[in-house]
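Student: Provide a 3D model corresponding to the input given below.
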Amino acid sequence: MNDKKIKPRLDSEISTKEKYNTLKGKKKLEFIFDYYKLPIFGTIAAIIIVCYIGYSMYTKQDTYCNLTYLSSNMDTSQLTELKDTLNEKLLDDNKKTSIFIDSMTIDPNSNYGDDPTTTQAFAVKLAANEIDLLFLNENYFNYFTSNNMLADLTTLDGFNSLSFSKDDLVRSKDSDGNEHIYGLKVDKLNLLDNISFPENTILTVAISSERTEEAIKILNEFVK
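Tutor: Below you'll find the predicted structure:
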């Protein structure tokens with residue numbers, strides 16, 4: 001008669017239920033946690049992601065118009081006040097849409113067009129339609145017009161009906177040497193009286209703007 005040795009069962013051959021039944025007290029709790037931690041954490045992560053997406057969608061504001069200030073020296077608190085004023089005047093209690101004001105810093109020691117970082121950053125924002133109205137100095141204004149990056153204001157619907165005098169307007173030449181009206185003198189705009197813009201700051205509209213109707217409404221607020 002041959003005695004067969006009974007080999008101990010491998011862990012892989014023991015069912016989860018059997019393993020659990022062999023444990024006692026604290027070990028059972030540790031086993032449950034180890035066994036279910038991935039599904040638990042996965043569920044929690046999914047809930048957090050869904051809540052975040054839902055909150056972002058609920059609180060996200062559509063862009064009414066983007067204003068960008070290109071300068072080496074700026075007081076961002078004044079820009080915030082301007083943004084709040086424009087939102088109150090034009091959008092009232094509409095919380096789903098907002099006017100945004102951004103700033104781009106330029107190197108005060110560089111000549112216009114010679115600062116590749118600023119020029120490239122501006123070109124990227126322009127291509128992405130992230131700039132509608134733009135505050136900038138005279139040198140950058142002339143550089144951008146000569147490279148066809150700004151809009152001829154007289155081609156925008158509603159511009160010619162605004163209350164501007166000829167002294168308020170700034171002319172410049174495009175890449176073909178043709179002169180057009182591309183800008184407005186900031187110091188002539190009533191709503192901007194309390195903002196300390198550097199001398200010869202000009203307000204203009206980006207050539208790629210798809211919100212020119214909204215830009216005209218903002219310009220109208222500036223001259224009231």
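Student: Do a quick rundown of the helices in this structure.
Tutor: Per DSSP state H, the chain carries helices over the ranges 16-22, 26-59, 76-91, 116-127, 138-146, 212-223.
Student: what's the angle between the fourth one and helix 138-146?
Tutor: Think helix 116-127. Going by axes from the mean of the first three to the mean of the last three Cα atoms, to 10 degrees, helix 116-127 is angled at 50 degrees with respect to helix 138-146.
Student: Remind me what helix 116-127 packs against, helices and strands.
Tutor: With contacts taken as 3 or more Cβ pairs under 8 Å, 6 or more residues apart in numbering; DSSP states H and E, helix 116-127 sits against strand 62-71, strand 97-105. C-beta here means a position set from N, CA and C on the backbone, and glycine is covered the same way.
Student: Which among those strands is found nearest to Lys185?
Tutor: strand 62-71 (15.5 Å; Cβ to Cβ).
Student: Buried deepest among the helices and strands packed on helix 116-127, which one?
Tutor: strand 62-71 (a mean of 19; mean count of other Cβ atoms under 10 Å).
Student: before we move on, back to that, would you format the helices and strands packed on helix 116-127 as TSV with mean pLDDT and distance to Asn194 included?
Tutor: Shown next, in TSV, are the helices and strands packed on helix 116-127 (pLDDT from 0 to 100; distance: least, Cβ to Cβ, whole Å):
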stretch	mean pLDDT	distance to Asn194
strand 62-71	88	15
strand 97-105	86	15
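Student: what ranges of the protein fall below the confidence cut-off?
Tutor: 1-41, 47, 49-61, 74-75, 93, 107-117 (pLDDT under 70).
Student: Many thanks, have a good one.
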